[in-house]
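Undergrad: from the sequence below, what's the structure:
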Amino acid sequence: MNTELFSKTYLLGNEDAKAFPGEGLYQLAEARGYARGSNEFEWFVGGGAAYRFNGHTFDTKSEDIAA
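TA: Below is the predicted model:
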């Protein structure tokens, strides 16, 4: 697994879930171009769920990670 890609995608899902509260996580992932069933899709949705269900946010931003 590419740790940088995982981290960037997870954080992006977290950020999008916070920025677009009225949108579904699957729809946000697909809008980013992630195909259902791909690792990136799962990581993005996981990051979004961390925010939506547990309120988790992170100091590091996805834009700070080169992947």
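Undergrad: contact partners for residue 34?
TA: When contacts are counted by Cβ atoms under 8 Å, 6 or more residues apart in numbering, residue 34 touches 9, 40, 41, 44. The C-beta positions use only the backbone N, C-alpha and C, and glycine is treated the same way.
Undergrad: nearest the middle, which residue of this structure would you pick?
TA: residue 13 (1.6 Å; Cα atoms, centre = their mean).
Undergrad: tell me, how many residues neighbour the closest residue to that residue other than its chain neighbours?
TA: Nearest residue to residue 13 in three dimensions, chain neighbours excluded: residue 47, at 3.2 Å (Cβ to Cβ, 6 or more residues apart in numbering). A total of 27 residues lie near residue 47 under the criterion other Cβ atoms under 10 Å.
Undergrad: residue 63 now?
TA: Every residue meeting other Cβ under 10 Å relative to residue 63 is counted, giving 10.
Undergrad: what's it sitting at in phi/psi?
TA: phi -70, psi -20 (degrees, to the nearest 10).
Undergrad: would you mind measuring from it to residue 15?
TA: Applying Cβ to Cβ, to the nearest Å, the value for residue 63 to residue 15 is 9 Å.
Undergrad: equivalent analysis for residue 4, please.
TA: For residue 4, the distance to residue 15 - Cβ to Cβ - is 16 Å.
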